[in-house]
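**Student:** sequence plus the predicted model coming up.
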Amino acid sequence: MKFMRPLSVVFLGLLFSLTGCSKEEVPQTHPRVGVQQVSPTDFAARVTLTGDVQARVQTDLSFRVGGKIISRSVDVGDHVKARQVLARLDPKDLQNNVDSAKAEVFAAQARVTQTSAAFVRQQKLLPKGYTSKSEYDSAEAALRSNQSALKAAQAQLANANEQLSYTALVSEADGVITARQAEVGQVVQATMPIFSLARDGERDAVFNVYESLLVAPPSDTGVTVSLLDDPKVQAQGFVREITPTVSAQSGTVQVKVALKNVPPGMQLGAPVTASTHAVGRPSIELPWSALTKALHAPAVWVVGEGDKVELRKVEVGRYLTGKVVIASGLKAGETVVVNGTQLLHPGMQVEKVDATAPGGAR
């Protein structure tokens, strides 16, 4: 077995050579990460509002007297003219009042005629001494009383005729009937809405807007309103009115945009849209890749002194396509890791590469 000795020597030599290599120092390297310096800007999200076209003036039409509806001549969507009769009430009771008032006027006129003739006789007899002054005064007083009663009866007749005219519901102006609240045969009270009339003329685009979008007063710049079904149909306008109270049901306020030169396609009730920007607030925009998680809260890696990283919790204000808006948690001038966050741990030293520069770390 003499051939085994040279083989042992070879193995020992290899062992010594491997041991010597293990003692050599391996150069320490730090992971390269893409970074971005924090620079706050005023971020204002673009908001698209949806509303509808409404008439500037809308009126509820109602009878001024109560009664039973016996006819209706218009329906929702009909265009009506001023003084056009829209519906009628049963006039029997009010016609009876008119007839009674007429009878009272005739009776009062007869009394006036009688007392007037008696007074004329007293006027002729008094200078001749055929009557006394007291009889003359009584005749004059009776005439004056009956004349007053006639005027009162005539006023009652005029009032009865006016009440009778209220059995016809007429349109106050040209416009479109947008709602109907009563039907033929229904007994209605005075002032109960029967129709809603959208008057012809100026038009508004009405939107329900959350109060947070109205922190700043509306600008004087115009608003472009587009038809929802055909965005090419547009009209220019300006904010005319903002309701001072918030709706308890929707939590919104109503904004009315006065429209100019409304195209034919924007009819009453047509759905429209308008785009605007919310009030800007100091925020920081970072790529999606910068966002990670600290337990259950969003966080980012911040490069501090000695190029060592720390995990910082942040508040995300808005998620956008390809980036996020950081509302709080970072300060201007800090350096954030935006690429290469997968293998980082707190306190690790990194090699920074500007991610915004051409050829930056990815």
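**Tutor:** Received the coordinates, thanks.

**Student:** quick one: the residue lying closest to Gln189 once chain neighbours are set aside and Gly175, what's the gap?
**Tutor:** Spatial nearest neighbour of Gln189, chain neighbours left out: Gly66 (4.8 Å); criterion: CB to CB, 6 or more residues apart in numbering. Just so you know, the C-beta spots here come from the backbone N, C-alpha and C atoms, and that holds for glycine as well. According to CB to CB, to the nearest Å, Gly66 and Gly175 sit 25 Å apart.

**Student:** comparing these two, which residue is more hemmed in?
**Tutor:** Gly175 (25 against 14; other CB atoms under 10 Å).

**Student:** so what's the backbone phi/psi at Glu162?
**Tutor:** phi -70, psi -40 (degrees, to the nearest 10).

**Student:** that one: how many residues sit nearby?
**Tutor:** 13.

**Student:** equivalent analysis for Ala332, please.
**Tutor:** Ala332: 10 neighbours (other CB under 10 Å).

**Student:** assign it to helix, strand or coil.
**Tutor:** coil (DSSP: H, G, I helix; E, B strand; the rest coil).

**Student:** settle this for me: it is touching Ser39, isn't it.
**Tutor:** Yes. Between Ala332 and Ser39 there is a contact at 6.6 Å, judged by CB atoms under 8 Å.

**Student:** which of the three states applies to Phe238?
**Tutor:** strand.

**Student:** can you list contacts of stretch 185-193?
**Tutor:** Contact with stretch 185-193 is made by 60-70, 89, 181-182, 194, as judged by CB atoms under 8 Å, 6 or more residues apart in numbering.

**Student:** mind running it again at 7 Å?
**Tutor:** For stretch 185-193, the external contacting residues (CB atoms under 7 Å, 6 or more residues apart in numbering) are 60, 62-66, 68-69, 181-182, 194.

**Student:** distance-wise, check Pro346 relative to Leu311.
**Tutor:** Going from Pro346 to Leu311 by CB to CB gives 6 Å.

**Student:** those two: which has the busier surroundings?
**Tutor:** It is Leu311, of Pro346 and Leu311, that has more neighbours when counted by other CB under 10 Å, with 16 against 10.

**Student:** next, the more buried one: phi, psi?
**Tutor:** Per-residue torsions, Leu311: phi -90, psi 120 (degrees, to the nearest 10).

**Student:** how about it: which residues does it bridge to?
**Tutor:** Residues in a beta bridge with Leu311, per DSSP bridges, are Trp301.

**Student:** use 176 as the first number for this chain going forward.
**Tutor:** Understood, numbering begins at 176; the last thing we discussed is Leu486.

**Student:** surely Lys259 meets Val345?
**Tutor:** Just to correct that, residue 259 is Gln rather than Lys. Yes. Gln259 is within contact range of Val345, at 6.4 Å (criterion: CB atoms under 7 Å).
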